[in-house]
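Q: just coords:
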């Protein structure tokens, strides 16, 4: 055989051996598993928070305010002390639904159910026991009205006259109820005979 041909055959054999070794190395590297990113995993959705569901406005507001038409207004017997007489005023829920009241109402002396107020309306006492009251049907709230004796004042200042009753306004109401009360009064609006306490629950 020609020496040159022999050299070429040996070179070709060596080349084939080298290429096979390189292929084995690459196959070994490609068998390493790829890492999986956790970001690719879908996250589970949390259940909806039921506590975040807003209440209806009606549920938040609760019962409506007590109107004069909802209430029976009565005046109790008076008790005298130190130149004044103290009368309990009771408002009772006569409706079929609960209603809200509380705080101060209004009271004036009058000479008839439809007459104009006599003198000054009732002042409010400087008390902090103002509470919100929910009246169920048949439940009541009560306040105390202090009526100072008109005779305690000079006639020229008092301008004496006679009242036949009281015009009573429940808290937050512009409609009044009339109850009978015969009492001396002062026509001068600068003389304040009446003082009213805040309503409190009865029982």
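A: Yep, it's here. Because the structure is predicted, anything quoted here is derived from the model rather than measured. Numbering: from 1, shown residues only.
Q: show me where the protein has its strands.
A: Here the chain has its strands, by DSSP state E, at 64-65, 71-75, 79-81, 84-93, 99-101, 106-110, 117-118, 123-124, 133-135, 140-148, 160-169, 177-186, 194-196, 200-201.
Q: mean pLDDT for those: which is lowest?
A: Least confidently modelled of these is strand 79-81, at a mean of 92 by mean pLDDT.
Q: what lines up beside that one in the sheet?
A: Neighbouring strands of strand 79-81 in its sheet, by DSSP bridges, are strand 84-93 (antiparallel).
Q: so what touches the partner strand?
A: With Cβ atoms under 8 Å, 6 or more residues apart in numbering as the test, strand 84-93 has contacts from 66, 70-80, 99, 101, 105, 107, 135-149, 168, 170, 181, 183, 199, 202. (Each C-beta comes from the backbone N, C-alpha and C, glycine too.)
Q: then stretch 150-157?
A: In contact with stretch 150-157 (Cβ under 8 Å, 6+ apart) are residues 83, 158, 160, 183-186, 188, 190-191, 193.
Q: again, only using 6 Å
A: Here stretch 150-157 makes contact (Cβ atoms under 6 Å, 6 or more residues apart in numbering) with 83, 158, 160, 184-186, 191.
Q: going by distance to residue 177, which of the residues you listed wins?
A: For these, the residue nearest residue 177 by Cβ to Cβ is residue 185; the value is 18.7 Å.
Q: what separation do you get for that closest one and residue 72?
A: Separation of residue 185 from residue 72 (Cβ to Cβ, to the nearest Å): 25 Å.
Q: the two - which one has more neighbours?
A: residue 185 (25 against 13; other Cβ atoms under 10 Å).
Q: pLDDT score for the residue lying closest to residue 67 once chain neighbours are set aside?
A: Leaving aside its sequence neighbours, residue 67 sits nearest to residue 173 (Cβ to Cβ, 6 or more residues apart in numbering; 6.2 Å). pLDDT recorded at residue 173 is 96.
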